[in-house]
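Visitor: Whatever this is, show me its structure:
(3 chains)
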Amino acid sequence: MSRKKTVWRLGVALLVILAIAGQTALFAAGAGEERAYPSRAINYVIPFDAGGQSDITAQYQRAGLERAFGVDVVIRHQPGAGGALAWADLARSRADGYTIAGNNIPHIIIQPLVRENAGYATEDLRPVYLFQTTPIGLAVAANSPHNTLADLIEYARANPGRVTVSGSGTHSGHHLAILQLEYLSDADFTYIPATGAAPSVTNFLGGHTEAILANSDDLVQHQQAMKILAIGTTERFHALSDVPTFMEQGYDFTAGIDRGVTVAKDTPEDVVRAIERAFDTVSRDPEFVAEMEALGFEMHQIGADEYAAYIERKQREIITVLTELGEL
Amino acid sequence: MPAVLQAVLTVLHPLNLFLIGTGVTAGIAVGALPGLTATMAIALLVPFTFGMNVVHALVLLGGIYCGAIYGGSYAAILINTPGTPAAIATTFDGFALARKGHAYRAIVVATIASAVGGLVGVFFLLFLSPPLARASLRFGPPEFFWLTVFGLTIIATISPKSTVKGLIGGAIGLLIGTIGISPIEGNVRFAFRTVALQNGITLIPALIGLFCVPEILDMIASRHHRETAIPYRSQRHMLRRVWRLMARKPMLLLRSSVIGTIIGIVPGAGANIAGMVSYNEAVRVSRQPEKFGEGSIDGITAAEASNNAGVAGSLVPLLTLGIPGAPPAAVLLGALLLKGMRPGAELFTVHAPITYTFMFSLVIANIALLPLGLMLGKAASKVVTGLPITLLAPLVFFLSVIGSFAIQNNIADVYVMLALGLVGYVGRRVGLQPGPIVLGLILGSMCEQGLVQSILMGRAAGTPLAIFFTRPISIILIGLTVVSAFWPMLARMRQRRTPAIAAAHTHPIVEEKRDA
Amino acid sequence: MRNNRLVALTLIAFGLFAWLESQRYGALSRLFPQVVALALVVLSLVLLAQTFTARARRAEAVRREGRAEAEKPDLRSVGLSVLIMIAWTLLLEPLGFWTASLLAFALLVVTLRTRDQDAAAVWKTVLAGVVLMTAFVLVFRITLRVPLPTGLFW
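Guide: The predicted structure follows:
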C-alpha cells in the first residue's frame, strides 16, 4: 500500500519536473538569438464556430500549410461578436507571425464603422493573403411569380417595403448586399436578419420570407426549391453557370464573403512574406482548389499587396453606401 | 432495403462497435465533468477524425454526442450542476434524490430513461425524417416567439415556493440575454464600451457560474457538518428495482421521449430546453405535482428521456435539410461537409449506406449507454460520495475555470463565470433559483429574434399585429401557453374540489424521506 | 422579509437602469430589453408588496424560529474562498493557467481545512489535486490543443 503511494508520488514529481523542464527549454529557445521564421507552431485563429465555412476551409488548408511552413499549424476557434473578439485579440497580440487569423470581408470593414468600440480598427490588421470568396446570390421561391431580377425590383418599387428578404444578420455581407441593391435600384425591401446563414435559409425555405440573400453553397444545395435571380460575382459563377450576375443585369456591384488571412499590423515584412508564400503554395494546389470548388466556393490566389488595395477599395465603397442610406 | 441491411452489418463490425463504445465512454466522461459540453467534445475531436474513414468518423462522433448528453446527468445529480445545458431539468429531482443518499439510484433512472429516450428518437430519425423536417420548416419567427413564451411558463412549475421570485429570475435571465449586439439594428447593448461584453453572455459560462459556483460555496459553508458533498448508501439490485418502478409508467417515458424528439427537431430550440418542457408536462400530468423537486423518479425520467431523444431529433433537420437543430449538430454538420457529404437528398441516395450506418450506430450507442452508463455512473457516484469537500470543492472550481475558458478560448468567459457565480450565490440565499434565470437566458435571444423578425414581417405585410395571431401553429402555441400559465390555478381548484380522489390515486414514485 | 424588501428595491433600481440605458438604442433594439425591464420592475413591486401582507409576517416569524435551530453556515470561509477564486481567475493570464491553478488550489485547500484534518491530510489533498489538475492541463494543452494561457510560467 505505502509502496504504491511512494511510486505515485515519484511519478507525480517526475511529471512536474518534466513539465517545468520542457517549459524552460522552450523559454530558452525563445530567448535565444532570432531564429528563422517559423521555428515553432503557428496558431491559426478562426474567429467563428467550429463547423462553419471558415473552419472547414482552414481544416482543409492545415496539412498543406504544415508542409509549407515545416512546423505545426494549430487551428483554434475564438468565435464571438461576428469575429470581432478574435480580431481585437489579434490586434493586441505580439506581432511575430505566430498568431495568424482568418479575416472576412466585409466584417472587418463594417464592424469598426458601426460599433462604438469594436475592439480593433480595420487598419490594425495586416492582410496577407486572400484565398476564397463565397459569392452571395439573390433567390425567390420556386413558385414565386417573379422570374427575373427585373420583375422583383419592379414589384418592389411599386410596393415599397413589401418584399421581405432573408439574410444572415445585421451588418453582415448579406445586409450589405441588400443595401447596395437598394442604393443602386431605388427599390425598397424589408430585410429580415437571422442569427446566421442556417436560420436564414430555414426562414426562407419555410416560406416566411419572399426572397433570400444566401451564400453560394446554400444556393447550390437548395437550388431545387428556389429560383436564383442573380449572383454577386464579376463573371458567371462556376457552380451556377446559368445564373446571371448583378452586373450583367445593370447593377454594378459584387456581393460575397471574402476570406483570407491576416496578422497584427506591425509584423515584420519578411514574416508576412513567408506566410504569404505558404498560403500561396496551398492555394495553388489543384487538388485543394477542386475540393473547395466542389463545396461551392470561388478560389483566389491574391497576395498581400493586392489584398490590401482590395480592402481599401471595398472600404470606400462600403462607406459610400452606408452613408448614402443613412446607416452611419 | 439492401442499403439498410448493409448498414446494419457495417455497424456490427467489431471495429465500429469498438468506436461506438469509445465514443460513448468519452462522451459520458466529457458530459459528466461540469463545464465540458457535447459541443466542445465534438468540436475538439473533429480534427482527430480528419484522417479517418467517413463511417468510422461519424460513428465515433455520434457516440460522443449521445454519451455527452447522457453524461450531463451525472454532474446534475451529483453536484447540482448540469454537465451540459441539456441536463438542467435533471438537477431539480436528481440532486434532491442524491442528497438523500440515493445518488446511484438517480443515475440508474437517468440511464434507463436516456437509453429509452434515445432509442425512441432514433426511431423517428430512421422512419419519419423527411416529413418531420418539412414540418419543422413551418416554424417561422412568430412560431418561435410563441414557443419561447410557452417555454417561459415553465418557470411557474420550477419555482413552486414563490412564483413571483421565479418570474423575477426569468426576467433577470432575459435581461442578461440582451447583453451584446442586438439582432436587428446591430446596436451594442449593455456592454459599457468593453469589447468582451460585445459578444453577450455565453450560455455555458453562465450556466456553470449560476449552478456550480453557488453549490461549491454551499459545500464550503457547511463542510463542518458533512464530510462529503452527498451521503452514500449502498444499494443492491438497483437496476431491477428501478426498472420495476419505471415500467409502471410507460406513458411517462414515451411522452417525454416524443416531446424531446419534437423539440429537438425544431431548429434552434434543441435539446437544451427539451428536458425542461418535458419536465413541465410531467409535473402537469402528475397527480401529485408537489412531489416533484424533492427527488421524484418521474422528474428525472422526464428530463433524461427527453434530452437524449433530442439528440436524434436534432439530426433530423441536419441530415435532411442541412440545418442543425442544436449546437452539437452544427459541429457535426461541419464534420459531414469535411467528408464531402452534403446533407439533403443526396445523403439518402448516393451516400445512403453511410447515412444509414450512422443512424444505426446511434441505436447501438443508445443500447451501449446501459452497461457503460451503469458502470461509469457507479464509479462517478462513488468518487463524489467518497471525496472530502476540501478536495471536491476546489477541484470542481478548477473544472469550471477550464471549461469556461475552453468553450471559446476566451479568458473573459472565465470572469463572466465567476461574476455570475457570485450573483447566483447571493440570489440563492435570497430565494432566486438558477433554473429560471438560465431558462430566461436560453430563451431570451430566441424570443427577441422571433419578436422583432415578426414585427418586420408584419410591417411588410401591412398588418403589424395580425401575424402573431393568425398562423395555425401560433394559435396552438398560444393555447398551450394559456393552459400552462393557468394550470397551477386550475390544479389547485381541482384539488380543493376532490381532495379524497387525488389522495387515493397512485403516488408518484418518490423516495421516502428517511433522513428527515 | 427585510431580505425580500432589499432584493425588490435592488432589482427595481436595476430594472430602471436597464430601461434608461436602453433609451439610447434603436427602436427595435430597445423594445425587448425595455419590456423585460418593465416586467422586472413590476414583478419586484409585487414582491415588495408581498412583504407587507400579514401572511408574510407570519411566515417570517416561523422562519426566524427555524433559523435559530439551523446549523450556522461558515460564511467566513465562503468569503475567503471567494477572494481566492477571484485571485485565481485574475492570475490565469499573468502567471499561466497551470501555475495559477496550483497556487490557488493549494491555498484553497489550506483555507478549507476542517478540524479533523491534520497536516498530512492537507498535503495529501493538495497532492491529489496537483496530480489531477496537471493531468487535465496536459490533456487540454497537448492532446486537445486548447490554448490555455501560458503567462509568465506555464
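
Visitor: From here on, just use CA atoms for contacts and neighbour counts.
Guide: Fine.

Visitor: Show me the shaky parts of chain B.
Guide: Screening chain B residue by residue with the criterion pLDDT under 70, one finds the ranges B:1, B:227, B:234-235, B:269-271, B:492, B:494-516.

Visitor: nearest spatial neighbour of the residue in it that chain C sits nearest to, skipping sequence neighbours?
Guide: Nearest to chain C, among the residues of chain B, is B:Ala221, at 4.4 Å (Cα to the nearest Cα). Leaving out its chain neighbours, the residue that sits closest to B:Ala221 by Cα to Cα, 6 or more residues apart in numbering or on different chains is C:Asp74, at 4.4 Å.

Visitor: What are the phi and psi values at that neighbour?
Guide: Recorded main-chain torsions at C:Asp74 are phi -90, psi 80, according to degrees, to the nearest 10.

Visitor: Just to check, it is in contact with B:Leu217?
Guide: No - the pair C:Asp74 and B:Leu217 fails to qualify as a contact (Cα atoms under 8 Å) at a distance of 9.8 Å.

Visitor: More neighbours: which of these two?
Guide: Neighbours were counted for C:Asp74 and for B:Leu217 using other Cα atoms under 10 Å in any protein chain shown; B:Leu217 has more, 24 against 17.

Visitor: That one: which element?
Guide: With elements taken from DSSP states H and E, the one containing B:Leu217 is helix B:213-221.

Visitor: now that helix, how far from the centre of its chain.
Guide: Remark: helix B:213-221 is offset 23 Å from the chain centroid, using Cα atoms, centre = their mean, to the nearest Å.

Visitor: Who are the packing partners of that helix?
Guide: Counting contacts by 3 or more Cα pairs under 8 Å, 6 or more residues apart in numbering or on different chains; DSSP states H and E, helix B:213-221 is packed against helix B:389-408, helix B:411-429, helix C:75-95.

Visitor: got the angle between it and helix B:411-429?
Guide: 60 degrees (axes from the mean of the first three to the mean of the last three Cα atoms, to 10 degrees).

Visitor: Flag every buried residue along the helix or strand that helix B:213-221 is followed by.
Guide: From helix B:213-221 onward toward the C-terminus, using DSSP H and E, the following helix or strand is helix B:238-247. Of the residues in helix B:238-247, B:Leu239, B:Val242, B:Met246 count as buried by neighbour count, 16 or more other Cα atoms under 10 Å in any protein chain shown.

Visitor: Just the buried positions in stretch B:125-145, please.
Guide: In terms of neighbour count (16+ other Cα under 10 Å), stretch B:125-145 has its buried residues at B:125-126, B:129-130, B:132-134, B:136-145.

Visitor: Please read the previous query as pertaining to stretch A:272-284.
Guide: By 16+ other Cα under 10 Å, the buried positions in stretch A:272-284 come out as A:Val272, A:Ala274, A:Ile275, A:Glu276, A:Arg277, A:Ala278, A:Phe279, A:Asp280, A:Val282, A:Ser283.

Visitor: List the contacts of whichever residue of the stretch 51-200 of chain A sits closest to chain B.
Guide: Per Cα to the nearest Cα, A:Gly51 is where the stretch 51-200 of chain A lies closest to chain B, at 3.6 Å. With Cα atoms under 8 Å, 6 or more residues apart in numbering or on different chains as the criterion, the residues that contact A:Gly51 are B:Ala43, B:Ala330, B:Val331, B:Leu332, B:Leu333, B:Gly334, B:Ala335.

Visitor: CSV for the residues you listed, including secondary structure and distance to A:Arg313?
Guide: As requested, those are arranged in CSV below (DSSP: H, G, I helix; E, B strand; the rest coil; distance: Cα to Cα, whole Å):
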residue, secondary structure, distance to A:Arg313
B:Ala43, helix, 36
B:Ala330, helix, 34
B:Val331, helix, 35
B:Leu332, helix, 37
B:Leu333, helix, 35
B:Gly334, helix, 33
B:Ala335, helix, 36
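
Visitor: quick one on the thing from earlier: sec struct for the residue of the stretch 51-200 of chain A closest to chain B, please.
Guide: When states are read from DSSP: H, G, I helix; E, B strand; the rest coil, the local structure at A:Gly51 comes out as coil.

Visitor: Would you quantify the distance from it to chain C?
Guide: From A:Gly51 over to chain C the distance is 17 Å, taken as Cα to the nearest Cα, to the nearest Å.

Visitor: Quick check: the closest residue to chain A within chain B vs B:Leu203, distance?
Guide: Across chain B, no residue is closer to chain A than B:Gly334, which sits at 3.6 Å (Cα to the nearest Cα). The spacing between B:Gly334 and B:Leu203, counted by Cα to Cα, to the nearest Å, is 21 Å.

Visitor: Equivalent analysis for B:Thr481, please.
Guide: Taking Cα to Cα as the measure, B:Thr481 and B:Leu203 are separated by 25 Å.

Visitor: The two: which has the busier surroundings?
Guide: More crowded of B:Thr481 and B:Leu203, by other Cα under 10 Å: B:Thr481, with 21 against 18.

Visitor: do the host helix or strand of that one and chain C meet?
Guide: With secondary structure defined by DSSP H and E, B:Thr481 is part of helix B:472-497. No - legend: contact between helix B:472-497 and chain C by Cα under 8 Å from any Cα of the partner chain is lacking; minimum distance shown is 15.8 Å.

Visitor: okay, and for the chain, where does confidence drop off?
Guide: Since no chain was named, I'll use chain A. Short version for chain A, where the test is pLDDT under 70: A:1-35.

Visitor: oops, I was thinking of chain C
Guide: Along chain C, the parts satisfying pLDDT under 70 run over C:1-2, C:54, C:56, C:60-72.

Visitor: and chain C, which residues reach chain A?
Guide: On the criterion Cα under 8 Å from any Cα, chain A has as its neighbours in chain C the residues C:Val131, C:Thr134, C:Arg145, C:Val146, C:Pro147, C:Phe153, C:Trp154.

Visitor: Can I have the buried ones of those residues as a PyMOL selection?
Guide: Below is the selection syntax for PyMOL that covers the buried ones among the residues of chain C next to chain A, with 16+ other Cα under 10 Å defining burial:
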select buried, chain C and resi 131+134+146+147+153+154
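
Visitor: how about the residues of chain C next to chain A in JSON lines, adding distance to chain B?
Guide: Written out in JSON lines, the entries for the residues of chain C next to chain A read as follows (distance: Cα to the nearest Cα, whole Å):
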{"residue": "C:Val131", "distance to chain B": "11"}
{"residue": "C:Thr134", "distance to chain B": "11"}
{"residue": "C:Arg145", "distance to chain B": "8"}
{"residue": "C:Val146", "distance to chain B": "7"}
{"residue": "C:Pro147", "distance to chain B": "7"}
{"residue": "C:Phe153", "distance to chain B": "17"}
{"residue": "C:Trp154", "distance to chain B": "14"}
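
Visitor: Give me the subset of the residues of chain C next to chain A lying in helices.
Guide: Judged by DSSP state H, helices contain the following of those: C:Val131, C:Thr134.

Visitor: Now the residue in chain B sticking out farthest from the centre: phi and psi?
Guide: For chain B, the largest distance from the centre (Cα atoms, centre = their mean) belongs to B:Gly462, which lies 38.9 Å off. Main-chain torsions, B:Gly462, degrees, to the nearest 10: phi 90, psi 0.

Visitor: so B:Ile475 sits right up against B:Ala466, yeah?
Guide: No - between B:Ile475 and B:Ala466 there is no contact under Cα under 8 Å: 11.6 Å.

Visitor: Pick out the residue nearest the middle of the chain.
Guide: Defaulting to chain A. In chain A, the C-alpha closest to the average C-alpha coordinate belongs to A:Asn104, at a distance of 3.4 Å (Cα atoms, centre = their mean).

Visitor: looking at chain C here, not the other one
Guide: For chain C, the residue sitting closest to the mean C-alpha position, by Cα atoms, centre = their mean, is C:Val82 at 7.5 Å.

Visitor: Distance from the chain centre to stretch A:115-124, please.
Guide: Relative to where its chain is centred, stretch A:115-124 has its mean C-alpha point 17 Å off (Cα atoms, centre = their mean).

Visitor: no, scratch that, I was asking about stretch B:425-441
Guide: Here stretch B:425-441 is found 18 Å from its chain centre; the criterion is Cα atoms, centre = their mean.
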